[in-house]
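> Could you work out the structure for the sequence below:
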Amino acid sequence: MYTGKKRSETAIKVTVNGMIVNIILTIFKFIAGITGNSAAMVADAVHSFSDFVTDIVVIVGLKAAEKPADHNHQYGHGKIETLCAAFVGIVLFIIGMKIFLSGMGKIHVAISGGSLEQPETIAFIAAVVSVITKELLYRYTLNYAKMVKSDAMEANAWHHRSDAVSSVGTMLGIGGAIALGSKWAVLDPIAAVILSLFIFKVAIEITYKNANELTEAALEKDIIEDIQHAIISTEGVKDFHKLKTRRIGNNIATDVHIQVDRELSLVEAHNICTEIEDKLREKYGKEAILYIHCEPYT
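Predicted coordinates for the structure are as follows:
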């Protein structure tokens, strides 16, 4: 299991690897777009450059989140990672909007009788390379994001895929224009508009999820039910109330009042609290933030 420093080092290593690939890919796509007479490929290169920017944001967030708690941040710095994930979601939405508006503008030009420039083969090759590379980066990053349980990394993985799907639109448009003639160059903006809708969906999901965490939203229903079951199934617990849950970065946080037999000694009551903590830490990680208050059952 990836925790603490190992988790942070792994996440940063994966993100840096992605950043290096993004730099190389961006340069290649800019050159291919300019020499291949393809405005779509130049726009695609700009999209790849935005991936480089969000890679930096994610690395900063991961580095900050690994800092231990201090007197100013007594619950740790995990929220910084959540903030970075929300930022990536917002950037994704903006990119999706730019792709959508650009595509609609080109469609309007074609409908109005205007012509779109026919690109060269080098631009098509760049689009194919981009699709393959970014899809592999998406799978690589998402796999490690799930292993280290990082929302910021998962958001960045989807950013890689947004680049891949936008490159699909570019590839279809360029390929269609080359194979069928310049009058079919409108295939590029049509595909881009359709694919931008998928980018919107992912961006909204990522932003909503992490904005919820920043505003102290409760944990998912199934996790709350699991926590409740862990509490009530512990021997010696008569009842519980005032259960509050939230997420702080990668860790869950709970606050609950349990009720036990009033005849129990302080040590016995404390042991019941410890047993509940052990159950929850075993399932949700050793760094889970747990506050369990013990009260006499009436």
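> Setting the sequence-adjacent residues aside, check what's closest to residue 237.
residue 258 (5.3 Å; Cβ to Cβ, 6 or more residues apart in numbering). In short, each C-beta sits where N, CA and C put it, glycine included.
> try residue 18
residue 137 (5.3 Å).
> What about that neighbour, how many residues nearby?
Residues lying near residue 137 (other Cβ atoms under 10 Å) number 24.
> rewinding a little: contacts only, for the residue nearest to residue 237.
231, 237, 239-240, 272-273, 276, 292-295 (Cβ atoms under 8 Å, 6 or more residues apart in numbering).
> And those, which of them are buried?
By neighbour count, with 16 or more other Cβ atoms under 10 Å, those hold 231, 237, 240, 272-273, 276, 292, 294-295 as buried.
> chain center to the helix or strand of the chain with the lowest mean pLDDT, what's the gap?
When each helix and strand of the chain is scored by mean pLDDT, DSSP states H and E, helix 39-65 comes last, with a mean of 72. Mean-position distance between helix 39-65 and its chain equals 13 Å (Cα atoms, centre = their mean, to the nearest Å).
> any weak-confidence spans in the stretch 1-150 of the chain?
Applying pLDDT under 70 to the stretch 1-150 of the chain flags residues 1-5, 39, 50, 53, 61-62, 64-78, 81, 117.
> For residue 291, give me phi and psi.
phi -120, psi 110 (degrees, to the nearest 10).
> Could you shift the numbering so residue one becomes 735, and keep it that way?
Sure thing, new numbering starts at 735, so read that last one as residue 1025.
> Just give the number of residues close to the closest residue to it other than its chain neighbours.
Distance criterion Cβ to Cβ, 6+ apart; nearest residue to residue 1025, sequence neighbours excluded, is residue 989 at 4.5 Å. The local packing of residue 989 (other Cβ under 10 Å) involves 14 other residues.
> if we can go back for a sec, mind giving me the packing neighbours of the least confident helix or strand of the chain?
helix 738-769, helix 812-845, helix 855-882, helix 885-914 (3 or more Cβ pairs under 8 Å, 6 or more residues apart in numbering; DSSP states H and E).
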